[in-house]
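Novice: Here is my input, please return the structure:
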Amino acid sequence: MEEKNTGLNAAKILKDIMSGKIFVSGNIQKHLGYVVFLFFIAVFYIGYCYKVEDTALENKKLSKEIIFLRTEYINQLTKLSNEKKKSEIMKKIQDKNLTLKESKKPFMRVKTK
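Specialist: As a prediction, the model looks like this:
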């Protein structure tokens, strides 16, 4: 029997909210502070959800940029390691017609006291 009464009360409250009677009756004025609090909580929650979504999108964008930059780094590192090879250096010297020659003597260690 009480479930039926609760259902009727909920239906009546919902009907009053939809029709606007709840705002003109004295009951809403008793709980106005609570209603305003719930309103601000709802606005804060919506704003927070937008902020979280923006942060997630920016995180995804930055992850893609990190992958791109890592690929670029590996590419540049490979080019640099190829340019440091002895054969590549000799080709550049010959292309620029420089009179540099490879040393035939081994390196000497200079000792100081």
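Novice: Relative to residue 43, how far out is residue 17?
Specialist: According to C-beta to C-beta, to the nearest Å, residue 17 and residue 43 sit 19 Å apart. Bear in mind the C-beta positions are built from the backbone N, C-alpha and C, glycine included.
Novice: which residues in the chain form helices?
Specialist: For the chain, the helices defined by DSSP state H cover 2-19, 21-24, 27-30, 32-83, 86-95.
Novice: quick one: the longest one to helix 86-95, angle?
Specialist: Meaning helix 32-83. Using axes from the mean of the first three to the mean of the last three C-alpha atoms, to 10 degrees, the direction of helix 32-83 lies 70 degrees away from that of helix 86-95.
Novice: In space, not sequence, find me the middle residue of the protein.
Specialist: The centroid of the chain falls nearest to residue 59 when counting by C-alpha atoms, centre = their mean (1.4 Å).
Novice: Find the least confident helix or strand in this structure, judged by mean pLDDT.
Specialist: Ranked by mean pLDDT, DSSP states H and E, the weakest helix or strand in the chain is helix 27-30, scoring a mean of 72.
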